[in-house]
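J.: The sequence and its predicted three-dimensional model are supplied below.
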Amino acid sequence: DAKTTQPPSMDCAEGRAANLPCNHSTISGNEYVYWYRQIHSQGPQYIIHGLKNNETNEMASLIITEDRKSSTLILPHATLRDTAVYYCIVRPVSGNTPLVFGKGTRLSVIA
Amino acid sequence: DTGVSQDPRHKITKRGQNVTFRCDPISEHNRLYWYRQTLGQGPEFLTYFQNEAQLEKSRLLSDRFSAERPKGSFSTLEIQRTEQGDSAMYLCASSSSGQGNEKLFFGSGTQLSVL
């Protein structure tokens, strides 16, 4: 079972920052927070992951709270192509369990 | 650099027939995963391989399902005696690491419709 809670849907205006929240209150100290997204009719796509520190790459930023019980994925300048379902996943550092997807957040970027 | 390739993209079959899907992972990726996804749900894990060894199978994977990765490269997923409940998108993913920070690369999936 997924160990994360996400809102089912969100809207964002094109060009604005999209902030997608995720609650993972039962996360343990040896679990990563991962974000994937799935655009319609495609397989999921890796976005970013982190353990304790905030992370940034060319796609997004990941902000993890100090107690690690929640995180926020930030798409700094959302475009229409960012419309997708975004999945927040926790996974052990050991990597000995597969990724478990929940239902995610359906982000709609509006022109 | 080609990504994960799945074949066929779409399959329509009659109930009771057998179907087989193929997945070609990214070259030299040693891990290969199969997931299943139904409308409105996130992908559900089915099974995964480390090279040619099948390391884990989900309880979702009934006896009618079998997966192979004979030479540690491509993989096949066979469903015998298909049922209407098997209708779903079957996704394959590969990765180059078995560590917790591995990144999975997914194919576009095979959409199965059982009539």
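T.: Okay, I see it.
J.: is it true that residue B:67 touches residue B:90?
T.: No: with contact defined as Cβ atoms under 8 Å, residue B:67 does not reach residue B:90; the gap is 10.4 Å. All C-beta spots, glycine's among them, are computed from the backbone N, C-alpha and C.
J.: list the residues that contact both of those two?
T.: Common contacts of residue B:67 and residue B:90 (Cβ atoms under 8 Å, 6 or more residues apart in numbering or on different chains): B:34, B:77.
J.: Would you map the helices across the chain?
T.: Picking chain A for this. Ranges of helices in chain A, per DSSP state H: none exist.
J.: ok, which stretches of it are strands?
T.: Using DSSP state E, the strands found in chain A span residues A:9-13, A:18-23, A:31-38, A:45-50, A:55-56, A:61-64, A:70-75, A:84-92, A:105-110.
J.: Now render those strands as CSV, adding mean neighbour count.
T.: CSV is the format used below for the strands of chain A (neighbours: other Cβ atoms under 10 Å in any protein chain shown):
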stretch, mean neighbour count
strand A:9-13, 14
strand A:18-23, 20
strand A:31-38, 23
strand A:45-50, 19
strand A:55-56, 15
strand A:61-64, 19
strand A:70-75, 20
strand A:84-92, 22
strand A:105-110, 17
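J.: Those: which one's closest to chain B?
T.: Across the strands of chain A, the minimum distance to chain B, taken as Cβ to the nearest Cβ, is reached by strand A:45-50, at 4.5 Å.
J.: tell me the angle the closest one makes with strand A:31-38.
T.: 160 degrees (axes from the mean of the first three to the mean of the last three Cα atoms, to 10 degrees).
J.: As a markdown table, the strands of chain A with distance to residue B:71 and mean pLDDT would be great.
T.: Below are the strands of chain A laid out as a markdown table (distance: least, Cβ to Cβ, whole Å; pLDDT from 0 to 100):
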| stretch | distance to residue B:71 | mean pLDDT |
| --- | --- | --- |
| strand A:9-13 | 43 | 97 |
| strand A:18-23 | 39 | 98 |
| strand A:31-38 | 28 | 96 |
| strand A:45-50 | 26 | 96 |
| strand A:55-56 | 36 | 96 |
| strand A:61-64 | 37 | 97 |
| strand A:70-75 | 38 | 98 |
| strand A:84-92 | 28 | 95 |
| strand A:105-110 | 39 | 98 |
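J.: All good on my end, thank you.
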